[in-house]
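Asks: just need the structure, nothing else, for what follows:
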Amino acid sequence: MLALLFFNPRGEVFIDTDNTDIAKIEVKGFRMYQIKEDVTDTIITGTQAIQYGDHEIFNNILISRSLENGQFEDIKANRVYRKQDIYRFINGVDYKKSDGMGFVSQTGVLNLKTEVFSGKGKFELKNSQGVVNGIDIVYDKKKEIVKAKKIESKIKLD
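Replies: Got it, this is the predicted structure:
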């Protein structure tokens, strides 16, 4: 296995003869770190990651990131399909920020470039002011806008 990491292969490693997508790399029980400016920016842990020619699949994943304002965010999911900057959360996603805001959605797509999450199905959003339930949440992190359908909320009044 180490030989694959140190030697360049001769020619094509995988030949696609019947249009079957063959995994290039599979890793089990992993922890990855992303470092920016001498600080650990992101930690990703999971039970399995598989890389194909143009996409990756992650199972039982937790992504923890530090944000510019000193806060942290966690994204937990059972199964994630990633192609370039698009992440598809197939079996739900649980998002939490250190300021107490978070949501759970049945399924959804995150565009990392635009920082917009578009959920499908039921969701629950929580923060210090209350709980909001509905369907088809859209969370624009940059604009700090949340949209949804069939909204029901419980708001704490001080």
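Asks: I'd say A148 and V132 touch.
Replies: Yes: counting by C-beta atoms under 8 Å, A148 does reach V132; the two are 7.4 Å apart. Where C-beta positions appear, they are placed from N, C-alpha and C, glycine not excepted.
Asks: what sits in contact with each of the two?
Replies: L125 (C-beta atoms under 8 Å, 6 or more residues apart in numbering).
Asks: so where's this protein uncertain?
Replies: Across the chain, the ranges flagged by pLDDT under 70 are 1-20, 38.
Asks: need the helices for it, in chain order.
Replies: Shown for the chain, the helices assigned by DSSP state H span residues 2-6.
Asks: nearest spatial neighbour of E73, skipping sequence neighbours?
Replies: K97 (4.8 Å; C-beta to C-beta, 6 or more residues apart in numbering).
Asks: show me the contacts for the one you found.
Replies: L67, Q71, F72, E73.
Asks: got it, and I151?
Replies: I151 neighbours (C-beta under 8 Å, 6+ apart): V132, N133, G134.
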